[in-house]
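1. Provided below are the primary sequence and the corresponding predicted coordinates.
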4 protein chains.
Amino acid sequence: MDKPYLRKLSNPPLENPILVVGLPGFGNVGRIAAHLLVKFFQAKPFAELYSPSFPDYISITSKGIAHLPKYDFYYAPMEKNNLIIMSGEIQPSFDDVVAHYSVCNEVLNFAESLGCKFIVTMGGVPITEDKTQVFIAATSNRLATEFMEKGAVIYSKGRIVGGTGLTLALAKERKLDGVCLLGTTMGFKADKGAGFLVFKFLMKALGKEIKEGLRENNALESIK
Amino acid sequence: MDKPYLRKLSNPPLENPILVVGLPGFGNVGRIAAHLLVKFFQAKPFAELYSPSFPDYISITSKGIAHLPKYDFYYAPMEKNNLIIMSGEIQPSFDDVVAHYSVCNEVLNFAESLGCKFIVTMGGVPITEDKTQVFIAATSNRLATEFMEKGAVIYSKGRIVGGTGLTLALAKERKLDGVCLLGTTMGFKADKGAGFLVFKFLMKALGKEIKEGLRENNALESIK
Amino acid sequence: MDKPYLRKLSNPPLENPILVVGLPGFGNVGRIAAHLLVKFFQAKPFAELYSPSFPDYISITSKGIAHLPKYDFYYAPMEKNNLIIMSGEIQPSFDDVVAHYSVCNEVLNFAESLGCKFIVTMGGVPITEDKTQVFIAATSNRLATEFMEKGAVIYSKGRIVGGTGLTLALAKERKLDGVCLLGTTMGFKADKGAGFLVFKFLMKALGKEIKEGLRENNALESIK
Amino acid sequence: MDKPYLRKLSNPPLENPILVVGLPGFGNVGRIAAHLLVKFFQAKPFAELYSPSFPDYISITSKGIAHLPKYDFYYAPMEKNNLIIMSGEIQPSFDDVVAHYSVCNEVLNFAESLGCKFIVTMGGVPITEDKTQVFIAATSNRLATEFMEKGAVIYSKGRIVGGTGLTLALAKERKLDGVCLLGTTMGFKADKGAGFLVFKFLMKALGKEIKEGLRENNALESIK
C-alpha cells in the first residue's frame, strides 16, 4: 500500500446521492454531526478508505481486534436523495499537505463514481465569545445565498483547514456543487452541542425537521 | 492532483514579456509590490497555478465562495515589454524543499512557454537598524552592475529563502536573465513602505517614473 | 537505494515459520524480548532489510566497521514451527508515516514468501502505576480469546504505534493471523523485566516453559 | 529538477582517483579539511551536484550573482592517486532521510563512473573534554587497523550522522573500500584546528608530510 485505496463491502442501490463528510477537527464538530446522521438514519457501512498517509498507529476494538486507521462510508436511504456519510477517527498529518490532497481526491473519485453531484462537508470553527451559529462556505454564489436564507452566516474571508475545506474546494474544481457547514465551538474538546447544531441544520436543509426532545436526546446519548 | 498544474483563463497577446514575481515573505514586501503593479497597470488575471504542496487550508471570499490556494498570473501591456505579474497568498511549507523546486520550475516552464526571457523577483530582507534601500542579486555581473548603477546595493554574500530566491537561481540554470530586488524591512508585519519602495524602483528600471503624491497614495490605499 | 530492499545471507530450511517482530519502542520491550529469543534459541541471522527511510546515521561496531541501519532476520528451528525473529536498532522516523507502511509491507512480503502464515509482534505499553501484565491485540476474536485464556489481558480500545501495530494490522489485511503482545512498562528506559515477561509469555504460548532461575539470569545478563 | 543531477564542467584525466568528502557538520570540521585540501593542491572544480532536497535558499556571491546550493567536485593530481575532493555549503535537511540516501548514492555513482575505488569522508565528533585526536571508522577490519597504526583511534560503537556516515556505509554496500576520519571538536562553531588536524592526518596517510609553520598558517589563513 503506497497510496490510498478503497475497499467496497457492498453495492447499495444509490440514486442521486449526496456525500456528507464529517472528519475530526475543532471540537470534533464534523465527526459528531456525521455520527448523529449515521445514528439517525441507522446508516450501514458499505466502503472503507485506507491510506499510508494516515497516522502510523492502529486502533484496537473493545474485543481486542486490531485495525488500520480508515475512513468509513455509510449508506442512508432517503425519499429524495440518498446520503453517503463519510467519517473517520483520523486525518492525515497537518504537515503532510500532499497527502491531504491525495486522500480528498480519492474520496471525490469514489463519490463521483457513485453518481454524486453534491457535497456537504461539516466542521467546527473556533470562536472566543459564546455565539452559537452555523457558518457557510459554498462552491457558488447561488448556494451560499440559498443556505444563508436557511439561517447560516456567510463565512466571509475565513479559512478552512484540512479535509473539511479541501474536499469542498477540490469538488468545485471538478464542477461539483457543495457547501461546508461550520458550527461555532469554544473548545478543542468534543463539542456535542455544536455537532448537534450542524446536524440539525443539515437535516432541515434536507427537509427533515428534527423535533427537539426525545430524538435529540437519544441521538446525543448514543455518542461515545 | 498529485503535482502542480496550471489553468489558463485566457490567451492574452504577449510579446517579449517580463515575469515579475512577488510572493509572501519578510514584511510581505514582494506580495505588496506585486499588488501595486497589478493596481497601477490594472493588470488582468489570465492564469492560475495550483499545487498539492500549497497549504492544506482553503480561503473563502467575502461572498462565501471556497477556493484552493493558488498563484495568480496577471497580464499588463506596456509600450516595450509586456509584464506578467505573479503573486499569491501562500508559498509551499518551508519544510517541503522539494515542493519549492517543483513549483518554481512549473512557474518557469510556464514563463518560458510564453516567450519570457527575463525574470524579476521581489522580496524583503530583514534589517535591525532602519536603513531604507533596495538590494540586488542577479544572474550575471552585467545585470548586477546595471541595477547597481540604478541605485540598488549588491546583496553581497547574502541568502534568499523560498521562491523569491529559487526562481531566480533556477532561471539562471535555464540561461534566462533575471534580478531579485529586496526591500529592507524591520518587521515581519506587512511593510507597505518597503513594498512601495521596491515597486517604485522596478518602475523606474522599467522606464516609468512614479510621481510621488497622488499615484503613490492611491496605490497604497488600495492595498488591503 | 530509493526504497526498502532485502538481502538474503542464506536459505535456511523453513517449514510453517512464525514471524516474531521486536522493534525499539516504549521501554525497548519488543527489542529486548526479540533479543532474548535470539539468545535462547541461538538463532542465526539469515537476512537483512535496508531502507532509505531509516535514520540517516550509521553505526560503528566495536572493531570500527561502519554499517547502515537495518532490520535483522534470525532463524530458529523448533519442533513444530520454525521461528523467524526480526529485530533492529531503529525504526523509520515517527513523522514519516508512509515509510512505516512501506517498510512493514516489505517485511510481510518477505515473511509470506517464506511461507509464513502467523505473525507475532512484541512491544511495550506505558503505564503510570506499577502493574505487571501482558496485553493482547489480535487479528481475530478467536485468537484474542485464545491468548486471553493463556493469561493476557485484552488491550481494549487501545492504540499501538509504529511497526509493532502496523505490521499486525497490515497482516490482517492480507488475511494472515497474528497477535501483538505488549508488556507493561513504567519508563522510557530499557525495561529488561518487561522484555523478559513478554519473552516468557510467548515461550509458554509456543509450548516452551521457561524455568525461572538459571536460564532467565543467563538470558538477561546477555542483554547489552 | 525533481532529483539530484550532476553537471560536469570538464573531463580531467583521472587515474585510480580517491574521493575525499568534507561536508558541513559538527564544528564544520569536514568542510574545513576539504577546503584545506583544495587550497594545498590548488585543486580545480570540474563538476557540480544539484538536488531539489538541498535547502530552499540560494546564496549570493560577493559580486551579487545568485546560485543554487550545490556540492562542488575538485580535481587534484598527485603522484600516485589523483584526489577528487567534494565539498559544499549545505546538506539535505536532517528530517529528509530519503534525500540523504539519494544524494549520497548520486555522489557514489559519479565517483564509480570515474573509476574511484576508495572513499574518504571527513567530519567532526563533539566531545566534552578537550582531547585532540582523530577517530576512524572503516569498511573493513584491515583498513581500521591500518589507520589505527597511523595514529587514529577506533570510533568503537559510535554513530556518524548525515552524509559523512552514509557515504561510507553505502560505499561498503557497493564493495568499495573507505574510511571516515573524525576530528574531535568542542564547539559547534567552525573549528579550524580540528579541520587542520584531520587534513594533516589524511595528508600523512597519503604520504604527504605537512610541515608545521608556513604552509599551515597559509592554509589556515586562507579559510574564510
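-> Received, thanks. Residues are numbered from 1 along each chain as shown, chains lettered A, B, ... in the order given.

2. buried residues, stretch A:131-148. List them.
-> For stretch A:131-148, the buried set under the neighbour-count rule, 16 or more other Cβ atoms under 10 Å in any protein chain shown, comprises A:Gln133, A:Val134, A:Phe135, A:Ile136, A:Ala137, A:Ala138, A:Thr139, A:Ser140, A:Leu143, A:Ala144, A:Phe147. For every residue, glycine as well, the C-beta is placed using N, CA and C.

3. in helices, which of these appear?
-> Using DSSP state H, A:Leu143, A:Ala144, A:Phe147 are the members of the buried residues of stretch A:131-148 that sit in helices.

4. and A:Lys204, which of the three is it?
-> helix (DSSP: H, G, I helix; E, B strand; the rest coil).

5. my guess is it contacts A:Lys150. True?
-> Yes: at 6.8 Å, A:Lys204 counts as touching A:Lys150 under the criterion of Cβ atoms under 8 Å.

6. is chain D within reach of the lengthiest helix in chain A?
-> Longest helix of chain A, by residue count under DSSP H: helix A:97-113. No: Helix A:97-113 stays clear of chain D (Cβ under 8 Å from any Cβ of the partner chain), getting no nearer than 13.3 Å.

7. can I get that helix in PDB, CA atoms only?
-> Output of helix A:97-113 as PDB, limited to C-alpha atoms (Å, rounded to 0.1, in the frame of the first residue of the first chain):
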ATOM      1  CA  VAL A  97      -0.100  18.600   2.700                       C
ATOM      2  CA  VAL A  98       0.300  16.400  -0.400                       C
ATOM      3  CA  ALA A  99      -1.400  13.500   1.500                       C
ATOM      4  CA  HIS A 100      -4.400  15.700   2.200                       C
ATOM      5  CA  TYR A 101      -4.900  16.500  -1.500                       C
ATOM      6  CA  SER A 102      -4.400  12.800  -2.400                       C
ATOM      7  CA  VAL A 103      -6.900  11.500   0.100                       C
ATOM      8  CA  CYS A 104      -9.600  14.100  -0.600                       C
ATOM      9  CA  ASN A 105      -9.200  13.400  -4.300                       C
ATOM     10  CA  GLU A 106      -9.600   9.700  -3.700                       C
ATOM     11  CA  VAL A 107     -12.800  10.500  -1.700                       C
ATOM     12  CA  LEU A 108     -14.200  12.600  -4.600                       C
ATOM     13  CA  ASN A 109     -13.200  10.000  -7.200                       C
ATOM     14  CA  PHE A 110     -15.300   7.400  -5.300                       C
ATOM     15  CA  ALA A 111     -18.200   9.800  -4.800                       C
ATOM     16  CA  GLU A 112     -18.300  10.700  -8.500                       C
ATOM     17  CA  SER A 113     -18.100   7.000  -9.400                       C
END
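
8. what's next to it, contact-wise?
-> A:3-4, A:6, A:17, A:19, A:21, A:47, A:49, A:51, A:53, A:71, A:73, A:84, A:86, A:91-93, A:119, A:162-163, A:166-167, A:170-171, A:174, A:176, B:1-2, B:52-56, B:92-93, B:96, B:99, C:98 (Cβ atoms under 8 Å, 6 or more residues apart in numbering or on different chains).

9. what does stretch A:13-23 give?
-> Counting by Cβ under 8 Å, 6+ apart, A:30-35, A:37, A:71, A:75, A:80-88, A:91, A:107, A:111, A:114-123, A:162-164, A:167, A:202, A:206 sit against stretch A:13-23.

10. where do the strands sit along chain A?
-> In chain A, the strands defined using DSSP state E lie at A:5-8, A:18-22, A:44-50, A:57-60, A:66-67, A:71-76, A:83-88, A:118-126, A:134-138, A:153-154, A:159-161, A:177-185.

11. elements contacting the first one?
-> Secondary structure elements in contact with strand A:5-8, counted by 3 or more Cβ pairs under 8 Å, 6 or more residues apart in numbering or on different chains; DSSP states H and E, are strand A:44-50.

12. the strand it packs on to helix C:97-113, inter-axis angle?
-> Counting by axes from the mean of the first three to the mean of the last three Cα atoms, to 10 degrees, strand A:44-50 lies at 100 degrees to helix C:97-113.

13. and strand A:44-50, what other elements does it pack with?
-> Packed next to strand A:44-50, using 3+ Cβ pairs under 8 Å, 6+ apart, are strand A:5-8, strand A:71-76, helix A:97-113.

14. tell me the mean pLDDT for the longest one?
-> Okay, so that is helix A:97-113. Averaging pLDDT along helix A:97-113 yields 92.

15. off-centre distance for it?
-> Counting by Cα atoms, centre = their mean, to the nearest Å, helix A:97-113 is centred 14 Å from the centre of its parent chain.

16. what comes up buried for that helix?
-> Neighbour counts using 16+ other Cβ under 10 Å place A:97-108, A:110-111 of helix A:97-113 among the buried residues.

17. and the residue nearest to A:Ile160 when sequence neighbours are not counted, how many neighbours does it have?
-> Nearest residue to A:Ile160, sequence neighbours excluded (Cβ to Cβ, 6 or more residues apart in numbering or on different chains): B:Ile58, at 5.3 Å. Per other Cβ atoms under 10 Å in any protein chain shown, the neighbour tally for B:Ile58 reads 25.

18. hang on, isn't B:Ile58 packed against A:Gly158?
-> No: assessed by Cβ under 8 Å, B:Ile58 is found out of contact with A:Gly158, at 9.3 Å.

19. can you lay out the strands of chain A as TSV showing mean pLDDT?
-> Formatted as TSV, the strands of chain A follow (pLDDT from 0 to 100):
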stretch	mean pLDDT
strand A:5-8	92
strand A:18-22	97
strand A:44-50	96
strand A:57-60	90
strand A:66-67	93
strand A:71-76	96
strand A:83-88	96
strand A:118-126	95
strand A:134-138	96
strand A:153-154	96
strand A:159-161	92
strand A:177-185	96
